[in-house]
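# A predicted structure for the sequence below; I have some questions about it.
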Amino acid sequence: MKRKVLSVLVCLGMAAGLVSGTVSAVSADDAAKDFKVGFITLHDENSTYDLNFINGATEACEKLGVEYVIKKNVPEGQECYDAACELADAGCKAIFADSFGHEDYMIEAAKEFPDVQFCHSTGTKAHTEGLDNFHNAFASIYEGRYLAGVAAGMKLNQMIADGTITEDQAKIGYVGAYTYAEVISGYTSFFLGVRSECPTAEMEVTFTGSWYDETAEKEGATKLINDGCVLLSQHADSMGAPTACEAAGIPDVSYNGSTIAACPNTFIVSSRIDWAPYYEYAISTFMEGGNIDADYTGDLSTGSVVLTEINENVAAEGTVEHVEEVKAALEAGDVHVFDTSTFTVDGAALESYMADVDTDPNYEGDTEVISDGYFHESEYRSAPYFDLQIDGITLLDTAF
């Protein structure tokens, strides 16, 4: 679809948690004029995770010239089904939801509205449900986290070189939400990126039991700092951990967006999924009457996995250039994040692993994912399924 000069009118709904946007495009196609899209988010702009989705949604809709509606603060329960049905009844021809727990309710709505397309991010069931109008999407964010880990490892090396810490004090911390594969894959890929630069690094992980809890995230970060962690990262959605790092003067790698404005003295870099490319691909295909992948995985090459600008006032010298080199190696297939020669599990190299790709109630492994010397994450379905606990990482607690 051709790019168009757009004029945007955003109308804020009176009902809590509802935003509508009407986008008028010069010489807009009739398909765009008649097409309406709905979005469902777990939280609102205060959550960095949901804000990332909201920004991607508005960017894609404004680029394509389609009308859109965003329902915010929709829990992972029957409220999601109700919201999806309301959007379908309001004329939305494609509906997107952003949180893992929304999936079953999106599937229920998809069965009720077979002429509406339902797309769910982070989910696992589209490739086994067999519904023509239900789709999953995710991205190879483990590559972005690995690159952020490279930047963090270079910072540790700088701290060792200038005498701030010794090699055996290179302990980092990680604030996670839940002990789920998505979070495990994230902190492990980050750690492997760190280890690729600083081989003596160790990591501790604490979980909050919530995707968004600023108090718990700040408390978790403070616990890690008090336990001797000299650099932190996170897979949780508030500013709790970054602000704790700024207050303590501890370098921080955030997630889903830059925190440099609030944390100029500690922020290094952030990785995130850019959802705009997927939304544009899906919406434009639907507008043209086509079909999209049941299970879509964006990557570095599609612009779906991105890093924020590196804060060179905090990062080690040469970080920008080296991260670009590693990124190029990942894209070329010369480097694999979960290269089995770079980690062990219970002291042994990993030669085989049956992952739970086709989700079932017992979470039983069903797919061999080790071949060619690496764990093939997000290749057999879009949502992460790396759930191994590798050596060098200590869990202080769990939250399932």
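Cool, got the structure. Numbers count the residues shown, from 1 in each chain.
# Which secondary structure state is assigned to residue 253?
Residue 253 falls in the strand class when you classify it by DSSP: H, G, I helix; E, B strand; the rest coil.
# mind listing what it touches?
The contact partners of residue 253, taken as C-beta atoms under 8 Å, 6 or more residues apart in numbering, are 148-149, 151-152, 190, 231-234, 268-270. Every residue, glycine included, has its C-beta placed from N, CA and C.
# Residue 257 too?
48, 51-52, 270, 272, 308.
# Quickly check the residues you listed for the two that are furthest apart.
Farthest pair in these (C-beta to C-beta) is 51 and 308. Separation: 13.3 Å.
# Could you report the distance from the residue lying closest to residue 265 once chain neighbours are set aside to residue 87?
Sequence neighbours aside, residue 246 is the residue nearest to residue 265 in space, at 6.3 Å (criterion: C-beta to C-beta, 6 or more residues apart in numbering). Relative to residue 87, residue 246 is positioned 39 Å away (C-beta to C-beta, to the nearest Å).
# Residue 259 now?
Taking C-beta to C-beta, one finds residue 259 at 32 Å from residue 87.
# How about residue 198?
Taken as C-beta to C-beta, the span from residue 198 to residue 87 is 47 Å.
# More neighbours: which of these two?
Counted by other C-beta atoms under 10 Å, residue 198 and residue 87 do not tie: residue 87 has more neighbours, with 27 against 23.
# from memory that one sits against residue 95, does it?
Yes: taking C-beta atoms under 8 Å as the definition, residue 87 is a contact partner of residue 95 at 5.1 Å.
# overlap in contacts of the two?
In contact with both residue 87 and residue 95: 38, 40, using C-beta under 8 Å, 6+ apart.
# Next, residue 169: phi, psi?
phi -100, psi 10 (degrees, to the nearest 10).
# again, but for residue 371
Phi and psi for residue 371, reported as degrees, to the nearest 10, are phi -160, psi 160.
# what about residue 328, how many neighbours?
Burial measure for residue 328: 12 neighbouring residues, criterion other C-beta under 10 Å.
# quick check, it in a helix?
Yes: applying three-state DSSP, one finds residue 328 inside a helix.
# Okay, it and residue 322: tell me how far apart.
Taking C-beta to C-beta, one finds residue 328 at 11 Å from residue 322.
# before we move on, back to that, check whether the residue nearest to residue 265 sits in a helix, strand or coil.
Applying three-state DSSP: residue 246 is helix.
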